[in-house]
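Sequence plus the predicted model coming up.
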Amino acid sequence: MFFLIFSMLLYFLPTFIGRHKGDAMGIFIVNLLFGWTVIGWIIALIWACTAEPRYVTVPMRMVPASSGRFCCQCGTLAPYGAHYCTACGRAM
């Protein structure tokens, strides 16, 4: 009985390693269908151990088009209808 449990845990080792990845279902399918071949098990293990790509997101502030005007000297957004820039004092 111990041998059966141990062999099942060893067979599904790639699935246990990659269970928190985004493509965990693909790892499980490859491990289930092709894990009985040694090459399929190794492919599933390598897939489970590889790192996921990290995408860097840069937050951008969205500025509505009608919220004001940009100063041509310093580039600061002045409120709509302002006659002078609030940062540098230049006439708009």
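Nice, thanks for sending it over.

Regarding the closest residue to residue 88 other than its chain neighbours, what is its secondary structure?
When the adjacent residues along the chain are set aside, residue 88 lies closest to residue 74, with 4.4 Å between them (CB to CB, 6 or more residues apart in numbering). C-betas here are computed from N, CA, C, even on glycine. At residue 74 the chain is in coil, as set by DSSP: H, G, I helix; E, B strand; the rest coil.

Give me the pLDDT for residue 74.
Note on residue 74: pLDDT of 86.

Just give the number of residues close to it.
As a burial measure, residue 74 scores 13 neighbours (other CB atoms under 10 Å).

And for residue 44?
For residue 44, the count of nearby residues is 26 (other CB under 10 Å).

Also residue 10?
By other CB under 10 Å, neighbour count at residue 10 equals 9.

and it, what helix or strand is that in?
Using DSSP states H and E, residue 10 maps to helix 2-11.

rewinding a little: the residue nearest to residue 88 and residue 90, how far apart?
Distance, residue 74 to residue 90, by CB to CB, to the nearest Å: 7 Å.

ok, which stretches of the protein are helices?
2-11, 13-17, 24-34, 38-49 (DSSP state H).

what helices or strands is the longest one leaning on?
Helix 38-49 sits against helix 13-17, helix 24-34, with contacts defined as 3 or more CB pairs under 8 Å, 6 or more residues apart in numbering; DSSP states H and E.

Would you confirm that residue 45 contacts residue 17?
Yes - contact between residue 45 and residue 17 holds when scored by CB atoms under 8 Å: they sit 7.2 Å apart.
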